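**Q** one predicted model, sequence on top.
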Amino acid sequence: MKNSNRKGNLNFFKVTILALLAIATLSCHSGRDATHSKSGPSSGATNTAAVRPGIFQTDRYLPLLEGKRVAVCGNQTSVNDTAHLVDLLLAKGIRVVKVFAPEHGFRGRHDAGETVENGIDTKTGLPIISLYGRHKKPTPEDLRNVDIIVFDIQDVGARFYTYLSTLHYIMEAAAEQHIPVIVLDRPNPHIDEVDGPVMDSAYFSFVGMHPVPILYGMTIGEYARMINGEGWLKNGVKAKLTVIPILNYTRHTPYTLPVKPSPNLPNRQSVMLYPSLCLLEPTDVSVGRGTDWPFQVFGAPAMCPDEFRFTPKPNEGAKHPKHQGTECCGRDLRRVDPPKGINLNWLIYAYQKHKNKEHFFRKYFERIAGTGSLRLQIQKGLSAERIKASWQPELEKFKKMRRPYLLYPENTNP
């Protein structure tokens with residue numbers, strides 16, 4: 001009887017262990033499926049496994065490139081899980097003839113605002129034509145031996161991020177030369193947010209070329225459709241545009257960028273805070289360029305003493321940072337929950353703490369804000385709630401305008 005009980009207990013123990021191992025294995029497998037993504041500097045949340053940017057849909061765009069002389073407009077974000085777009089195309093036998101590079105360069109190493117010169121890609125030997133600095137739009141000579149252009153750059157969903165302007169000039173130059181453009185679409189980390197003042201045409205520049213709010217809630221492919229559809233290209237020309245869509249994507253799909261989109265957006269926190277903190281760029285306040293926490297802290301010497309201190313120093317992403325070598329006082333936002341939409345309280349706080357208010361705003365503030373009223377509203381002491389309420393009529397008009405160009409459903413179950 002004792003032997004029988006022992007055998008029964010032993011069998012039960014074995015069955016239990018096997019069942020637990022099976023559950024553990026299944027759980028691990030499910031976890032891999034749910035979080036499958038290429039880890040990178042912008043990690044901080046999980047990607048949905050099924051989300052696949054346009055670059056993955058080779059069956060949709062390779063047939064359009066066969067036998068053509070192809071130019072690629074891309075940078076370090078133009079990748080799939082294993083390869084850069086240029087390398088992928090060359091490996092597939094596509095004839096890539098040149099590369100157009102946006103702000104920060106083809107490899108994404110140049111400072112914000114730094115002039116990027118033409119060059120040669122050391123890996124492929126392809127000529128690189130810079131579209132930043134003095135030369136923002138491809139010339140007819142640049143396009144002389146080009147049959148089609150492929151645009152693949154990760155946007156971050158904020159109006160003043162200059163890749164949108166590069167897209168505009170690529171489309172405009174291509175339309176003028178009757179050259180088709182393919183945009184390989186990518187997710188927008190702020191896809192479900194529409195907020196900020198709508199750009200006033202009086203302040204159009206390379207950091208804002210279109211009448212859109214700071215957060216426009218569109219992928220770069222949708223935005224390209226809007227540029228075309230609204231007739232924003234010079235003389236009303238329209239590009240022959242093809243957008244290769246993202247698979248299994250909605251306006252509520254969580255997505256963390258696998259590659260940092262520019263030198264001073266090194267992680268998810270910086271990407272999510274960027275639309276709010278960029279309003280401090282055209283002021284006396286540092287947003288952490290020249291530290292290990294760009295767009296995650298802010299402060300200025302004229303805000304001392306305050307709860308947090310840092311000293312900007314030259315680094316790879318900021319060779320000459322604002323207030324270089326001088327202690328700044330301000331706020332540490334590395335662990336705050338990112339805002340939904342634009343947080344104006346940080347701009348208001350910095351203005352109120354600053355000891356020399358006459359020198360707080362710099363002359364190009366309106367180009368970033370997109371409006372002549374925000375500076376005045378801050379100076380008058382209006383609350384964030386009241387300022388944001390003033391944006392709503394124009395935001396509602398914009399939402400109606402953009403509707404025909406949206407490619408991805410509002411609901412979470414497409």
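**A** Received, thanks.

**Q** show me where the stretch 301-414 of the chain has its strands.
**A** Counting by DSSP state E, counting those that start in this stretch, one finds strands in the stretch 301-414 of the chain at the ranges 308-310, 328-332.

**Q** oh, that last question was meant for the stretch 51-200 of the chain, not what I typed.
**A** Using DSSP E, counting those that start in this stretch, strands in the stretch 51-200 of the chain cover 69-74, 95-101, 119-120, 127-130, 148-152, 181-184.

**Q** least reliable of the ones you listed going by mean pLDDT?
**A** Note on those: strand 119-120 shows the lowest mean pLDDT, a mean of 84.

**Q** what's that strand packed up against?
**A** The contact analysis (3 or more Cβ pairs under 8 Å, 6 or more residues apart in numbering; DSSP states H and E) places strand 119-120 against strand 127-130. In this view, the C-beta of every residue, glycine as well, is placed from N, C-alpha and C.

**Q** give me the sheet partners of the strand it packs on and which way each runs.
**A** Strand pairing for strand 127-130, using DSSP bridges, gives strand 95-101 (parallel), strand 119-120 (antiparallel).

**Q** just name the most buried of the ones you listed.
**A** strand 95-101 (a mean of 21; mean count of other Cβ atoms under 10 Å).

**Q** what is the orientation angle of that strand with strand 69-74?
**A** Here strand 95-101 runs at an angle of 30 degrees relative to strand 69-74 (axes from the mean of the first three to the mean of the last three Cα atoms, to 10 degrees).

**Q** ok, Leu233 touching Glu172?
**A** Yes: Leu233 is within contact range of Glu172, at 4.5 Å (criterion: Cβ atoms under 8 Å).

**Q** what's the local residue count around the residue lying closest to Lys136 once chain neighbours are set aside?
**A** With sequence-adjacent residues excluded and distances taken as Cβ to Cβ, 6 or more residues apart in numbering, Lys136 is closest to Tyr169, at 5.6 Å. Here the number of neighbours of Tyr169 (other Cβ atoms under 10 Å) works out to 21.

**Q** I'd guessed Tyr169 sits against Asp142; true?
**A** No: using Cβ under 8 Å, Tyr169 is not in contact with Asp142; the gap is 10.9 Å.

**Q** distance to Glu396 and mean pLDDT for the strands of the stretch 301-414 of the chain - can I get that in a markdown table?
**A** Listed next are those as a markdown table, based on distance: least, Cβ to Cβ, whole Å; pLDDT from 0 to 100:
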| stretch | distance to Glu396 | mean pLDDT |
| --- | --- | --- |
| strand 308-310 | 38 | 97 |
| strand 328-332 | 32 | 97 |
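
**Q** of those strands, flag the one that's most buried.
**A** Scoring these by mean count of other Cβ under 10 Å, the most buried comes out as strand 328-332, with a mean of 21.

**Q** now do it: distance to the chain's middle.
**A** 25 Å (Cα atoms, centre = their mean, to the nearest Å).

**Q** packing partners of it?
**A** Secondary-structure packing of strand 328-332 (3+ Cβ pairs under 8 Å, 6+ apart): strand 297-300, strand 308-310, helix 345-353.

**Q** can you list the ones you listed in JSON lines and add distance to Phe100?
**A** Listed next are the helices and strands packed on strand 328-332 as JSON lines, based on distance: least, Cβ to Cβ, whole Å:
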{"stretch": "strand 297-300", "distance to Phe100": "33"}
{"stretch": "strand 308-310", "distance to Phe100": "36"}
{"stretch": "helix 345-353", "distance to Phe100": "34"}
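
**Q** most packed of those?
**A** strand 297-300 (a mean of 26).

**Q** burial measure for Leu265, as a count.
**A** 24.

**Q** quick one: contacts for the spatially closest residue to it that is not a sequence neighbour?
**A** Leaving aside its sequence neighbours, Leu265 sits nearest to Val271 (Cβ to Cβ, 6+ apart; 5.2 Å). Taking Cβ atoms under 8 Å, 6 or more residues apart in numbering as the criterion, Val271 is in contact with 42, 156, 189, 257, 261, 265, 295.

**Q** distance to Thr242 added to the strands of the stretch 301-414 of the chain, as CSV?
**A** Output for the strands of the stretch 301-414 of the chain, formatted as CSV (distance: least, Cβ to Cβ, whole Å):
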stretch, distance to Thr242
strand 308-310, 46
strand 328-332, 45
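
**Q** and Val61, how far from Asp152?
**A** No Val there; residue 61 is Tyr. 10 Å (Cβ to Cβ, to the nearest Å).

**Q** among these two, which residue is more densely surrounded?
**A** Shown here are Tyr61 and Asp152; by other Cβ under 10 Å, Asp152 has more neighbours (26 against 20).

**Q** distance of Tyr274 from Leu344?
**A** From Tyr274 to Leu344 the distance is 15 Å (Cβ to Cβ).

**Q** between those two, which one's more packed in?
**A** Tyr274 (26 against 22).

**Q** how about the more buried one, secondary structure?
**A** At Tyr274 the chain is in helix, as set by DSSP: H, G, I helix; E, B strand; the rest coil.

**Q** quick one: it and Asp155 touch, right?
**A** No: using Cβ under 8 Å, Tyr274 is not in contact with Asp155, being 11.6 Å away.

**Q** residues that sit against both of those two, list them.
**A** What both Tyr274 and Asp155 touch, as defined by Cβ under 8 Å, 6+ apart, is the set Tyr161.
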